[in-house]
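[1] only geometry, no sequence info:
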């Protein structure tokens, strides 16, 4: 046991001075006696004797007077009902005197009331510590503020008493703690289910005596700075006599059965686990909790000690791999990490056998078997052997395999909803994404990758009509979540900022986006040409945010029109800076200040807003990336002259994608590779051409940018316009004036790579201003991740890291798979639209028939797998699956056995003896 305690040092925070001497020795002795009466610690004191420095003693010492301790001792046992008159007689007090004392003890939480007698009059009893006194004290607002150490007491009392007993607890929990109850919809069709496994049974049973109050685990963990983002809210339901006591002592408010069910349904949307108290025997509970797995003390009892019998329901989740599409939504919501992504395809060595967590059933159990990192382990998304490459390689980790399947079945709206869980701008990405999902597609090892992007574009096209748009549920529309005290400010209305706004608003926050330009969209609106991304399409997807309730203020430059300080004064609690890179880099060569010389960013911004602008003469574009191609293609549409594009890189080294280069050549643009600018020729203040020198090497042996030139080889390219597309830069203005934000030498903002928090705690950042110029999908991914951090930040006591889904995925080994059969259809390509406007997008979309054909080409590489030894049968996974691929099965019926806390040893001891014999037999067999 000493080794176990040492192992748990980081889980504990004793507040008592080791040299502490009790000021009142008599009270200390009484407290030790009272603690011994109440506690069920270490299997009824088989392995532990109460000492003065135990939390049961020092916490009660803080909140109780000696007189109150003596009164509590007159109860003699816990959970034995006593009349007020009897208590008064035992303590030699008047009834009125005793009433004042027990009322205060009820207010503290050390005594509760019930009506379990023939005429249902109020009686009093002393609860056990957990579930009981510890929770009740945390629920009392004034008490917990005056005695914050109660949070530590609660944390310890839900952990320490269980260290020695957890491996010996059989299915059902034997009257110890709490018990998981499944999502009701997940077991509606299970004929073997029994009444106590249904939430509706309990709400019907206690209809008329239902209360709701604050979650004590959330509150306690927040007070200790260990919140996982599941913030304090009224989500714990009291029933029966406990509900009456909670209302009378200020711990709850009355709820109807319908209101309680609404809380249950909202909890399921947020991934909270339903649990019932498990200390009162068959068909009786006092509470139904909706537990946040990263902070719940009851779930911890099974996950910390790797002993799921302490929590699990009678059910376990099973996956139908033929139906599973590795969307990963069940994995995201699984509270204990039982569901993880794996692969469906066999390896050359056969089907992968995924490991099961070791259980204590037949194994000697020590602290080495515990999992002190259970909160983080629960958020591991996939096995090391990997999963679908499309999901892995997408920066936002879209459920590509999933939406392809839905699209192939004609379920376009469902496919759209699935996409928008990770990407609010599917049509935009369908137009401008660099298709990393397709580059990694396993089908590409056979012939050609699945046309994932074209399928996504087809799906997104369905909501361009205003009456067909998917508007996600925002929690403030259904009872509210956070209210006006948690306003969020987004600075920059590009893909990163708008994505952050989308997901914050979906969580229920008031969000305002500030954009200095006259229209939102950032580089999507002002940088990407219309013939690549039509602006009415972008506006349609942005309009969804407005319908959600996001306020977008254009023409407002933060730092100039309003300061960050002023926004804080207006009540904004957190800020997301996503201003992009709106400046252009210069080559630092002579002539750059001449008329006709312009940066790519400025050129695209201007021409995107004015297609009527005409250019007369030749155009020289310096640069070889996708932006340079966009510049050249726009210039080719505006000028009556010739467009030449020159870059340092060779033909096969250009940063621009192959598709972009093909588009440029189709537009008649001449591309010259391996040339770097020397100077811009100027006459009468106007540019007339550019002199270039031969570039012989762009990067050195270490891969670092270090161009080398042959100065003897030069060419001159004439042109009245010179557009430099050699990089973008940050334009901060006065935005950061007075802020403690750090910048890189290149002007980019410094932020944590996981949380996106800057050195100014309430400022977060993402998109190009953080990581440099990338693609829209990278910025979108940043925005969603930052929204999680901002949500956690604005609520006191929430850690930015504890229990966080890091969204890390591993690609399966495509060189070690066996593809036994596949649809041999060729990759489908969309036809071109007929357009007359040179700035119109002529890219067509797939037909419905083509989508169905293309969807069948998917090899369906990935699938979810469930560790049955780890699963606790909550059923949350079933609420996320759109493919009927995961179900609960009543594998463990004994887990629904309910017992009284007083009878636990009747079940624990025989099970422990049986287990010990199994371990001994296994050892002897070896």
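    Arrived safely, thanks for sending. Since we're looking at a predicted model, the values are computed, not measured. Residues are numbered from 1 along each chain as shown.
[2] who are the neighbours in contact with residue 649?
    Contact partners of residue 649, counting by C-beta atoms under 8 Å, 6 or more residues apart in numbering, are 624, 655, 673-674, 695, 698. All C-beta spots, glycine's among them, are computed from the backbone N, C-alpha and C.
[3] who wins for neighbours among those residues?
    residue 624 (28 neighbours; other C-beta atoms under 10 Å).
[4] I'd say that residue and residue 654 touch.
    Yes - counting by C-beta atoms under 8 Å, residue 624 touches residue 654, with 4.4 Å between them.
[5] where do the contact lists of those two overlap?
    647, 673.
[6] Which member of the contacts of residue 649 is positioned nearest residue 397?
    Nearest to residue 397, judged by C-beta to C-beta, of the contacts of residue 649 is residue 655 at 24.2 Å.
[7] Identify the residue nearest that closest one in space, chain neighbours excluded?
    residue 625 (4.1 Å; C-beta to C-beta, 6 or more residues apart in numbering).
[8] do the same with residue 335
    residue 293 is the one closest to residue 335 (C-beta to C-beta, 6+ apart), at 3.3 Å.
[9] for residue 148, same thing?
    residue 223 (6.0 Å).
[10] The one you found: neighbour count?
    As a burial measure, residue 223 scores 22 neighbours (other C-beta under 10 Å).
[11] repeat for residue 577
    31.
[12] chain center to stretch 635-653, what's the gap?
    43 Å (C-alpha atoms, centre = their mean, to the nearest Å).
[13] Now it: buried residues?
    635-639, 641-649 (16 or more other C-beta atoms under 10 Å).
[14] and it, how far apart are its ends?
    23 Å (C-alpha to C-alpha, to the nearest Å).
[15] now do stretch 863-872
    This stretch, stretch 863-872, spans 20 Å end to end (C-alpha to C-alpha).
[16] Stretch 808-825 too?
    End-to-end distance (C-alpha to C-alpha), stretch 808-825: 33 Å.
[17] rewinding a little: go through the buried residues of stretch 635-653 and flag which are in strands.
    Using DSSP state E, the subset of the buried residues of stretch 635-653 located in strands is 643-647.
[18] Is it possible to get JSON lines of those that adds pLDDT and distance to residue 742?
    Shown next, in JSON lines, are these (pLDDT from 0 to 100; distance: C-beta to C-beta, whole Å):
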{"residue": "643", "pLDDT": "98", "distance to residue 742": "41"}
{"residue": "644", "pLDDT": "98", "distance to residue 742": "41"}
{"residue": "645", "pLDDT": "98", "distance to residue 742": "37"}
{"residue": "646", "pLDDT": "98", "distance to residue 742": "36"}
{"residue": "647", "pLDDT": "97", "distance to residue 742": "33"}
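[19] Neighbours of the closest residue in space to residue 449 that isn't next to it in sequence, how many?
    What sits nearest to residue 449 in space, not counting adjacent residues and going by C-beta to C-beta, 6+ apart, is residue 441, at 3.6 Å. Around residue 441 there are 26 other residues, counting by other C-beta under 10 Å.
[20] Any figure for the gap between residue 441 and residue 129?
    The gap separating residue 441 from residue 129 is 56 Å, by C-beta to C-beta, to the nearest Å.
[21] Endpoints of stretch 427-439, how far apart?
    19 Å.
[22] starting at the chain centroid, how far to that stretch?
    With C-alpha atoms, centre = their mean, you get 23 Å for stretch 427-439.
[23] related to what we said a few turns ago, could you give the number of residues near the residue nearest to residue 335?
    27.
[24] what does the one 10 residues further on give?
    Applying other C-beta under 10 Å, we find 27 residues neighbouring residue 303.
[25] All the helices of the stretch 551-700 of the chain, residue numbers only.
    564-569, 600-609, 626-638, 658-666 (DSSP state H, counting those that start in this stretch).
[26] Pick the most buried one from those helices.
    Ranked by mean neighbour count under mean count of other C-beta atoms under 10 Å, the helices of the stretch 551-700 of the chain are led by helix 626-638, which reaches a mean of 25.
[27] what does that one rub up against?
    434, 527-529, 531-532, 600, 603-604, 607, 613-615, 619, 621-623, 643, 645, 647, 655-657, 660-661, 663-664, 667-669, 721, 723, 725, 728, 773, 838-839.
[28] In strands, which of these appear?
    Among the contacts of helix 626-638, the members falling in strands (DSSP E) are 619, 621-622, 643, 645, 647, 721, 723, 728.
[29] Name the nearest of those relative to residue 285.
    Using C-beta to C-beta, residue 728 comes nearest to residue 285 of those, at 60.4 Å.
[30] Look at the residue nearest to that closest one when sequence neighbours are not counted and say how many residues are nearby.
    Spatial nearest neighbour of residue 728, chain neighbours left out: residue 581 (3.5 Å); criterion: C-beta to C-beta, 6+ apart. Other residues within reach of residue 581 by the criterion other C-beta under 10 Å amount to 23.
[31] what's the spacing between residue 581 and residue 632?
    Distance, residue 581 to residue 632, by C-beta to C-beta: 20 Å.
[32] Now the longest helix anywhere in the chain: buried residues?
    Longest helix of the chain, by residue count under DSSP state H: helix 904-925. Neighbour counts over helix 904-925 (16+ other C-beta under 10 Å) mark 904-905, 907-908, 911-912, 915, 919 as buried.
[33] How about stretch 307-318?
    For stretch 307-318, the neighbour count (16+ other C-beta under 10 Å) marks 307-317 as buried.
[34] TSV for these, including secondary structure?
    Below are these laid out as TSV (DSSP: H, G, I helix; E, B strand; the rest coil):
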residue	secondary structure
307	coil
308	helix
309	helix
310	helix
311	coil
312	coil
313	coil
314	coil
315	coil
316	strand
317	strand
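[35] Reformat these as a markdown table; add distance to residue 797 and pLDDT.
    Converted to a markdown table, the buried residues of stretch 307-318 look like this (distance: C-beta to C-beta, whole Å; pLDDT from 0 to 100):
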| residue | distance to residue 797 | pLDDT |
| --- | --- | --- |
| 307 | 28 | 94 |
| 308 | 28 | 93 |
| 309 | 31 | 93 |
| 310 | 26 | 91 |
| 311 | 24 | 92 |
| 312 | 29 | 96 |
| 313 | 30 | 98 |
| 314 | 35 | 98 |
| 315 | 33 | 98 |
| 316 | 34 | 98 |
| 317 | 32 | 98 |
